[in-house]
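# Whatever this is, show me its structure:
(2 chains, ligands or ions: 2)
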2 protein chains.
Amino acid sequence: MNYPSKLIEEAVNEISKLPGIGKKSALRLALHLLKSDQSQTEFLTRALTDLRTKTRYCRQCHNISDAELCQICSSVNRDESLLCVVQDTRDVLAIENTAQYQGHYHILGGVISPIAGIGPTDLHIESLVSRVRQNPEIKEIILALAPTMEGDTTAFYIQKKLADFEVTISTIARGIPIGGDLEYTDEITLGRSIMSRTISHTKGN
Amino acid sequence: MNYPSKLIEEAVNEISKLPGIGKKSALRLALHLLKSDQSQTEFLTRALTDLRTKTRYCRQCHNISDAELCQICSSVNRDESLLCVVQDTRDVLAIENTAQYQGHYHILGGVISPIAGIGPTDLHIESLVSRVRQNPEIKEIILALAPTMEGDTTAFYIQKKLADFEVTISTIARGIPIGGDLEYTDEITLGRSIMSRTISHTKGN
Ligand SMILES: [Zn+2]
Ligand SMILES: [Zn+2]
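Ligands and ions are numbered 1, 2, ... in the order given. This is a model prediction of the structure:
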């Protein structure tokens, strides 16, 4: 497309690098910012810059955090015996939204994917093992990964790594659609699938 | 939703102010930027800031431009007798994409909309009238506005304003779906609707 200015072309190119945004949508967003008050662009760019440069991660669960320990890890009202392993922050938000789960989390930061070049060492799996080793309060590890091949591979790898520990390993029930993303699952289904999780390995067995 | 950090909450709030982007998509985009190289956020925010602070508009047609006169207005290969009136830049791009039109453009910057508080003086209508008055080469004004109530109101208003000039006023053929946006019309339909425009006022009649 022959854009009317280099500035708009550059903006469209950068916006359309974002996932799920094509050139037409990018142009629409760019023109929207041009028409809106300049402060909207200022607030947006400042928020994105701050997010990218100042974001911290919880040293225990690796979730995005405002402090060294996140709100969930530092809460005294959470059940320390349960540890739910998820891919990313969106899954924590989705599960928290169900209000069905009161345990802790461990964020892997992704799933094993040979195609995308993501191996076990690229994920927070070692720190999960240390966490289980160091905290005898942890009785059950709930694997809440997407029911995809990558999710299954990752779950299998984690089970092997935790096989020698005195913990129960469970998997959230496959009420979630096969191939589906956790975050797009409705709250009732997701909440129920946590409650009716299947146990794949029992402590000491 | 209870976001894991103020930074991510702020970013989601600002991103979701953009049209067509909800909180879930905004979170997805924010997490994408967090995972990507910092340079992606830098390029994006710089492009948006430059766009908003440095964009210029053509003094003749009011389209976005790199110079005082845009590429189309300064081209010697365009037909000076035809002037196509559109709502915004996206419509120019859509019509240029059809490769059916070789005339000039005039960008109104919107359409008359009492509900949105947009009146004739908020649009580049006076400058259209001056342009027609000052340039006797202009023989035909093609109104290429969306076939909505606001588009029709605007077209009617412009026709009244130009009634005393020696120009033909035409409207692009309604091959475009009623209520539809120009930019989402396929190129063939849009190109054909320009070729088979209907004449609503003939020069001197
Ligand atoms: Zn934490
Ligand atoms: Zn121009």
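
# any idea how far the residue of chain A found nearest ligand 2 is from A:Ile141?
Closest residue of chain A to ligand 2, C-beta to the ion: A:Pro4 (8.4 Å). Using the backbone N, CA and C atoms, a C-beta is placed for each residue, glycine as well. From A:Pro4 over to A:Ile141 the distance is 56 Å, taken as C-beta to C-beta, to the nearest Å.

# Identify the residue spatially nearest to the residue of chain A closest to ligand 2, adjacent ones excluded.
For A:Pro4, ignoring the flanking residues on the chain, the nearest one in space by C-beta to C-beta, 6 or more residues apart in numbering or on different chains is B:Ile64 at 4.3 Å.

# Now for the residue of chain A closest to ligand 2, how many residues are close by?
24 (other C-beta atoms under 10 Å in any protein chain shown).

# next one: A:Ile188
Counted by other C-beta under 10 Å, the residues lying close to A:Ile188 total 11.

# So it, which state does it fall into?
Recorded secondary structure, A:Ile188: helix (DSSP: H, G, I helix; E, B strand; the rest coil).

# pLDDT wise, what is the closest residue to it other than its chain neighbours at?
Sequence neighbours aside, A:Thr98 is the residue nearest to A:Ile188 in space, at 7.9 Å (criterion: C-beta to C-beta, 6+ apart). Note for A:Thr98: predicted pLDDT of 80.

# got it, and A:Gln60?
A:Gln60 is given a pLDDT of 97.

# doesn't A:Leu69 make contact with it?
Yes: counting by C-beta atoms under 8 Å, A:Gln60 touches A:Leu69, with 6.1 Å between them.

# where's A:Glu80, which helix or strand?
Assigned by DSSP states H and E, A:Glu80 falls within strand A:79-86.

# Is that strand in proximity to ligand 1?
No: using C-beta under 5 Å from the ion, strand A:79-86 stays clear of ligand 1, coming no nearer than 11.0 Å.

# Tell me the helices and strands packed up against that strand.
When contacts are defined as 3 or more C-beta pairs under 8 Å, 6 or more residues apart in numbering or on different chains; DSSP states H and E, strand A:79-86 packs onto helix A:89-98, strand A:103-107, helix A:126-134, strand A:140-143.

# where's that strand relative to the chain centroid, distance-wise?
Here the centre of strand A:79-86 is set off from its chain's centre by 14 Å, with C-alpha atoms, centre = their mean, to the nearest Å.

# now do stretch A:113-132
How far stretch A:113-132 lies from its chain's middle: 13 Å, per C-alpha atoms, centre = their mean.

# Likewise for stretch A:42-51?
The answer for stretch A:42-51 is 22 Å, by C-alpha atoms, centre = their mean.

# now swap in stretch A:153-163 and tell me
Here stretch A:153-163 is found 18 Å from its chain centre; the criterion is C-alpha atoms, centre = their mean.

# try stretch A:71-90
Its chain's C-alpha centre and that of stretch A:71-90 lie 12 Å apart, by C-alpha atoms, centre = their mean.

# So for that stretch, what gets flagged as buried?
Judged by neighbour count (16 or more other C-beta atoms under 10 Å in any protein chain shown), stretch A:71-90 contains these buried residues: A:71-73, A:78, A:82-90.

# Give me the mean pLDDT for stretch A:140-160.
Stretch A:140-160 comes out at a mean pLDDT of 92.

# any idea which residue sits dead centre in chain A?
A:Asp88 (1.0 Å; C-alpha atoms, centre = their mean).

# Can you name the residues that contact that one?
Each residue near A:Asp88 by C-beta atoms under 8 Å, 6 or more residues apart in numbering or on different chains is listed here: A:107-110, B:31.

# Stretch A:20-39 and chain B in contact?
Yes: contact of stretch A:20-39 with chain B is found when judged by C-beta under 8 Å from any C-beta of the partner chain, involving A:20-21, A:24-25, A:27-34, A:38.
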